[in-house]
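> just coords:
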C-alpha cells in the first residue's frame, strides 16, 4: 500500500490536531481520503460533498497535478507522493 504525505490547509487543521502535514495510505486519492477520515474523523466531509465528489471550492493536487484534470478521486497516489488540499479563495 502506498504511503503519501498530505498537506493540510489551516482551515482543516482542527481535524489533524494542528498538524500541517500528515501521512495517509492508499493507491488512489479516494483511498487516501478514506484513510484520512479513519485517522481524522470529519475531515472527509470537508473535502467531499454529499455525493462523494470533491467539493466545488476545494482543489486537490497529487504532486503538481490538479486531480480535476486527471482521474479525480481515482487519481493514482504513488508511494511518496505529495497530496495537497487547497481551499479555493474567492473575494472581491
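Nice, thanks for sending it over. Predicted model, so just to flag it, every value in this text is computed and none were measured.

> Determine how far stretch 42-50 lies from the middle of the whole chain.
Centroid separation between stretch 42-50 and its chain, computed with Cα atoms, centre = their mean, to the nearest Å, is 10 Å.

> pLDDT (mean, whole number) over it?
Per-region confidence: stretch 42-50 scores 97 on mean pLDDT.

> can you pull out the strands in this protein?
Ranges of strands in the chain, per DSSP state E, are 3-7, 21-25, 58-62, 65-66, 82-87.

> which residues of the chain score low on pLDDT?
Counting by pLDDT under 70, the ranges of the chain that qualify are 90-92.

> That one: helices as residue ranges?
For the chain, the helices defined by DSSP state H cover 29-39, 43-47.

> how far off strand 82-87 does the first one point, in degrees?
Using axes from the mean of the first three to the mean of the last three Cα atoms, to 10 degrees, the direction of helix 29-39 lies 80 degrees away from that of strand 82-87.

> wouldn't residue 29 be in contact with residue 75 here?
Yes - the criterion here is Cβ atoms under 8 Å, and residue 29 meets it with residue 75 at 4.7 Å. Bear in mind the C-beta positions are built from the backbone N, C-alpha and C, glycine included.

> Have a look at the two and say which one is more surrounded.
Comparing residue 29 with residue 75 by neighbour count (other Cβ atoms under 10 Å), the higher total belongs to residue 29, at 26 against 22.

> which residues touch that one?
Neighbour list for residue 29: 60, 62, 67, 72-75, 77, 83 [criterion: Cβ atoms under 8 Å, 6 or more residues apart in numbering].

> Tell me the one among those nearest to residue 20.
residue 83 (13.0 Å; Cβ to Cβ).

> tell me, how many neighbours does the residue lying closest to that closest one once chain neighbours are set aside end up with?
Once flanking residues are discounted, residue 83 sits nearest to residue 6: 4.5 Å by Cβ to Cβ, 6 or more residues apart in numbering. As a burial measure, residue 6 scores 25 neighbours (other Cβ under 10 Å).
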